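J.: Sequence and computational prediction follow.
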There are 2 protein chains.
Amino acid sequence: MRGAAKITKGRSPAGKLAFGQLDKHLGYFVRRMQIWIFQDFIRTLAPVKIRPAQYSVLLIIEANPGRSQSAIGQTLGIERARLARMLHELERRKWVARHANGSDARSHSLYMTAQGERALAKIKSLAEKHEAQLAKLLGPKRREEMMSALREFG
Amino acid sequence: MRGAAKITKGRSPAGKLAFGQLDKHLGYFVRRMQIWIFQDFIRTLAPVKIRPAQYSVLLIIEANPGRSQSAIGQTLGIERARLARMLHELERRKWVARHANGSDARSHSLYMTAQGERALAKIKSLAEKHEAQLAKLLGPKRREEMMSALREFG
């Protein structure tokens, strides 16, 4: 498996094993690629210590100021308890603030702070660098094809 | 985001939030698809209680009898401690046996047991069902395109 071997950069497979039926499973290759992408993201964004899921939450809050935790969780498919922990961390870093709308914490409105917006500018420029690295690896044409296939997935 | 909304089956996004810059990140869509695939795999293979990573290890042992733990780990990109735990579980289920080659546990040779081969026949038929569900969702043409793009990734 040329592709998979290249994904595990820095490792040299001992003797090249056969993939057997694994070679027919799309999920295996999607998972390998996802791991590669996330590792590159985490490495490239190390100066700002942010993980892919946190970044996606920041972008959604930025694009939808004042929306609730549950609306964000539904949009991103992040489960309630995990999102609550992530928001707690983003509030601790003073990047995100929540304003009460009623008695239910999940209905609180979420906003970027000014500090969060400044941090996000830096984060976005590193995320663009990561995306450029990925585009270089895939080639721009293949990247566009995959993007289009995945966006319409379902 | 039509695609992403459809991936979170059973959830109806409250009011359709904007995706902002997230819409430009391939990693986001790859991750959504990977989660969808793994959830379908786990659901479809529930009768045999097996997870995608365990299945990949079984297929590699089947296709490469007598190889070492470290060769398998390198091929699949699974880190040593995690693979050791997985193999321990597969031995507990009497699906996999290891035969000593020397003093180093990592150089032991791994084999499927007869019981493991019988279990794997059933597992494979359910994995084929999962793959057919995925092909139906993607359409056979798009599935082939993605497979080809991902195999050559790198």
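T.: Alright, I've got the coordinates.
J.: residue contacts, the residue nearest the centre of chain A?
T.: Centroid check for chain A by C-alpha atoms, centre = their mean gives residue A:52 as the closest residue, at 3.0 Å. By C-beta atoms under 8 Å, 6 or more residues apart in numbering or on different chains, the contact set of residue A:52 is A:38, A:41-42, B:27-28, B:31. Glycine gets a C-beta too; all of them are placed from N, C-alpha and C.
J.: please redo it, this time with the cut-off set to 10 Å
T.: A:34, A:37-38, A:41-42, A:45, A:127, A:130, B:25, B:27-28, B:31 (C-beta atoms under 10 Å, 6 or more residues apart in numbering or on different chains).
J.: pLDDT score assigned to it?
T.: pLDDT, residue A:52: 96.
J.: Distance of it relative to residue A:22?
T.: Per C-beta to C-beta, to the nearest Å, residue A:52 is found 25 Å from residue A:22.
J.: Could you tell me how many residues sit around the closest residue to residue A:96 other than its chain neighbours?
T.: Among residues not flanking residue A:96 along the chain, residue A:90 sits closest, at 4.1 Å (C-beta to C-beta, 6 or more residues apart in numbering or on different chains). Each residue near residue A:90 was counted by other C-beta atoms under 10 Å in any protein chain shown, and the total is 23.
J.: Am I right that residue A:90 is in a strand?
T.: No. When classified by DSSP: H, G, I helix; E, B strand; the rest coil, residue A:90 is found to be helix rather than part of a strand.
J.: Isn't it up against residue A:59?
T.: No. In this structure, residue A:90 is not within contact of residue A:59 by C-beta atoms under 10 Å, at 12.0 Å.
J.: if I pick the closest residue to residue A:63 other than its chain neighbours, what's in contact with it?
T.: In this structure, residue A:63 finds its nearest non-sequential neighbour in residue B:20, 3.0 Å apart by C-beta to C-beta, 6+ apart. By C-beta under 10 Å, 6+ apart, the contact set of residue B:20 is A:56, A:58-64.
J.: Same question for residue A:136.
T.: Neighbours of residue A:136 in contact, by C-beta under 10 Å, 6+ apart: residue A:143.
J.: for the helix or strand hosting residue A:111, packing partners?
T.: Taking DSSP states H and E as the criterion, the element that holds residue A:111 is strand A:109-112. Identification of packing neighbours for strand A:109-112 by 3 or more C-beta pairs under 10 Å, 6 or more residues apart in numbering or on different chains; DSSP states H and E yields helix A:52-63, strand A:67-68, helix A:69-76, helix A:80-92, strand A:96-99, helix A:114-138.
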